[in-house]
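In: Here you go, sequence then predicted model.
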Amino acid sequence: MSLFIDGKEYSSLHFTGLFGSGMSSTAQFCRWTGVEVSGSDRLTQSADTLDIKEKLEKAGCRLFKQDGSGITAATGAVVVSTAIEDDNADIRAARSRSIPIFHRSDVLAALVKTRRTVAIAGTSGKSTVAAMVFEFLTACGKSPSLITGASLISLEEAGLIGNAFLGESDILIIEADESDGSLVKYRPEVGVFLNISKDHKPINEVLELFTRLAGQTAYGIANANDELLRLPGIAMTFGDGPPARFKPEAIERVTPTVRFVLNGVRYELPQPGRHNLFNALAALCVCEYFGCSGAKLAKAVAEFKGVRRRFSVVTLKNGITVIDDFAHNPEKVKAAITTAKAMCRRVLAVFQPHGFGPTRFLKDDFIESFSASLTREDALFLLPIYYAGGTAQQDISSNDLARGIALRSIAVFTPEDRGECIGMLKEKALGGDAVLLMGARDPSLSSFAADIARALE
């Protein structure tokens, strides 16, 4: 089988940076639909990516070193993400052979055209809502497909990487990413707009992108609680107050689970936090559009297993709770800490900023977010900034964040490495505390969370 990208047919694609969550999900889907797929990644020899490597090869993807050797005369096109720089060996090899180079979003846009697509947009919650929509529609017999940026635990348990699935129907659920502006390439049947906050881009730029996507969407769904989401062509709104058309009659609790009544049906989601109430409402709004019934949905909501590294909780025998979370922007950090504080006596937050550019852009917002959500009883441990390679202006460090946060009377520490961080946690953690690990991009963070749990047990 082949795929039409930018008006031309391609039967072979090479993904540079294949282990990236968005890249691997798109590559798997292409392979499952009959496209020949190869790829490379600079982390092919890392123990943290061994599972992804094996599962991609099992799916039929051929892996190469990221040295240009995977680019041959048989390569139809090379696919890259925003993280891939122009001097990459695969890109040089493609240019020497005059092979087209596409952004991952171009491939995803081509797939969107072939399906009844649900595009989930928002600076927070995209992966969770995409997972919810997928699992809820699956439970209702709709057999959807999925291309997302995080691994669903239910799909992992089925032996998959977890961030993609090929269903039997023509429904496809994707994340519409605002970080690189690529979401404007999509023309989905259903567009869901969750929220707007400062993350990769200024809010006004994100709003402009969302406005364009809304104008290209047949049926728009937006969060009525976010005043910025007054977008053109919105057909349905969700929320917890009067402005929303799709809202619960009662909200019974938001921790340790979310329980609410909607259209006379009681739902209980086995994840905590007010943000997950809104995630569930957004997903259920999509399911109503596709004609799903309350009873089946209630069962699906109760059985939702969640997404890897989205507030993954392990409670140790000594009463310490270790939480692994993907939070990496100020709003997500605040939501994670607020949820953890509602469950535990105090929070020992561990944060690994990702990228020098994002940390510089969000410095003041991070300082405000940590200062507003932590108290004097809590503590914050700022690890060195995660650097994945490439050219970057390294003129900021975690110490710059720490100085601003310390001025707000928050106990903040800057361990030089993970070993020192674990040593500090062993000294400070007591029964009833939550150790909340937050960060993104780094594939070794889940292993680090496991190391923390073992050390504190």
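Out: Right, received. Where do you want to start?

In: what's near enough to touch Ser124?
Out: 194-195, 197, 199, 275, 329, 331-332, 335 (C-beta atoms under 8 Å, 6 or more residues apart in numbering). The way it works is simple: take the backbone N, C-alpha and C, and place the C-beta from them, glycine included.

In: Out of these, the closest to Asp180 would be?
Out: Comparing those against Asp180 with C-beta to C-beta places Asp199 closest, at 11.7 Å.

In: So for the contacts of Ser124, which is the shakiest by pLDDT?
Out: Across the contacts of Ser124, the bottom pLDDT score, 70, is held by Asp199.

In: Go ahead and confirm that one touches Leu362.
Out: Yes: here Asp199 reaches Leu362: they are 7.5 Å apart, a contact under C-beta atoms under 8 Å.

In: Need the overlap of contacts for these two.
Out: In contact with both Asp199 and Leu362: Asn329, using C-beta under 8 Å, 6+ apart.

In: ok, for Met1, nearest residue in space, not its chain neighbours?
Out: Of all residues not flanking Met1 in the chain, Gly34 sits nearest, at 2.8 Å (C-beta to C-beta, 6 or more residues apart in numbering).

In: How confident was the prediction at the one you found?
Out: Per the predicted model, pLDDT is 94 at Gly34.

In: do Leu13 as well
Out: The model's pLDDT for Leu13 equals 97.

In: and what of the one 3 residues further on?
Out: In the prediction, the pLDDT value recorded for Thr16 is 94.

In: Asp51 now?
Out: 87.

In: Now it: phi and psi?
Out: phi -60, psi -40 (degrees, to the nearest 10).

In: ok, now how distant is it from Gly291?
Out: Distance from Asp51 to Gly291, counting by C-beta to C-beta, to the nearest Å: 37 Å.

In: Straight-line length of stretch 222-238, end to end?
Out: In stretch 222-238, first residue to last residue: 6 Å (C-alpha to C-alpha, to the nearest Å).

In: Same list (the contacts of Ser124) but as TSV, adding neighbour count and distance to Asn263.
Out: TSV is the format used below for these (neighbours: other C-beta atoms under 10 Å; distance: C-beta to C-beta, whole Å):
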residue	neighbour count	distance to Asn263
Leu194	24	21
Asn195	21	23
Ser197	17	29
Asp199	22	33
His275	24	22
Asn329	22	33
Glu331	19	29
Lys332	22	30
Ala335	22	26
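
In: Of Asp51 and Gly291, give the one with the bigger neighbour count.
Out: Asp51 (13 against 8; other C-beta atoms under 10 Å).

In: Might you report the residue contacts of that one?
Out: With C-beta under 8 Å, 6+ apart, Asp51 has these contacts: Ile161.

In: measure it to Ala340 for me?
Out: On the measure of C-beta to C-beta, Asp51 and Ala340 end up 27 Å apart.
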